[in-house]
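**Student:** sequence-free structure coming up:
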């Protein structure tokens, strides 16, 4: 990809929310979900309009299901949209996503509070 194309593509993605010194994400997983989304966009998996439509759809489904939309569940919707779009693009199917979700849950339960969570082969058991 040419440098000008890269700059044009980067300009199509909004900057990270927040300002200098502000906490942007409440939990590390929120930042990781954000970073994964940007990385997949940069690799050309989806366009930014595709992403925003998918995220808007997840937020609308949550509202219809009674989400009070206080902002506290925003990154849960973000993650659901990310899972939906990677499945739609045939990067991962529902079974693979469920397997990794269960592995992360297992890893989180075995990790002492305050320590980084890291997946290990046994988490997939």
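**Tutor:** Yep, that arrived. No experiment lies behind these values; they were computed from the predicted model shown.
**Student:** mind listing what's buried along the helix or strand hosting residue 53?
**Tutor:** Residue 53 is part of helix 48-64 when elements are defined by DSSP states H and E. Along helix 48-64, these residues count as buried under the neighbour rule (16 or more other CB atoms under 10 Å): 51, 54-55, 58-59, 62. Placement of C-beta: from N, CA and C, glycine included.
**Student:** tell me which helix or strand comes right after that helix.
**Tutor:** Helices and strands here follow DSSP H and E; after helix 48-64, the next one along the chain is helix 74-88.
**Student:** whichever helix or strand comes after that following helix to helix 74-88, inter-axis angle?
**Tutor:** Going down the chain from helix 74-88, the next helix or strand is helix 94-110, by DSSP H and E. Helix 94-110 and helix 74-88 meet at an angle of 140 degrees, taking axes from the mean of the first three to the mean of the last three CA atoms, to 10 degrees as the criterion.
**Student:** and helix 94-110, what other elements does it pack with?
**Tutor:** On a contact count with 3 or more CB pairs under 8 Å, 6 or more residues apart in numbering; DSSP states H and E, helix 94-110 meets helix 74-88.
**Student:** what residue is smack in the middle of this protein?
**Tutor:** If you average the C-alpha coordinates of the chain and look for the closest C-alpha using CA atoms, centre = their mean, you land on residue 33, 2.9 Å from that point.
**Student:** quick one: stretch 56-65 to chain centroid distance?
**Tutor:** When C-alpha coordinates are averaged (CA atoms, centre = their mean, to the nearest Å), stretch 56-65 and its chain have centres 16 Å apart.
**Student:** buried stuff in stretch 36-44?
**Tutor:** Of the residues in stretch 36-44, those buried by neighbour count under the rule 16+ other CB under 10 Å are 37-38, 40-41.
**Student:** quick one: mean pLDDT for the helix holding residue 53?
**Tutor:** Across helix 48-64, the average pLDDT comes to 96.
**Student:** what of stretch 76-84?
**Tutor:** The model assigns stretch 76-84 a mean pLDDT of 95.
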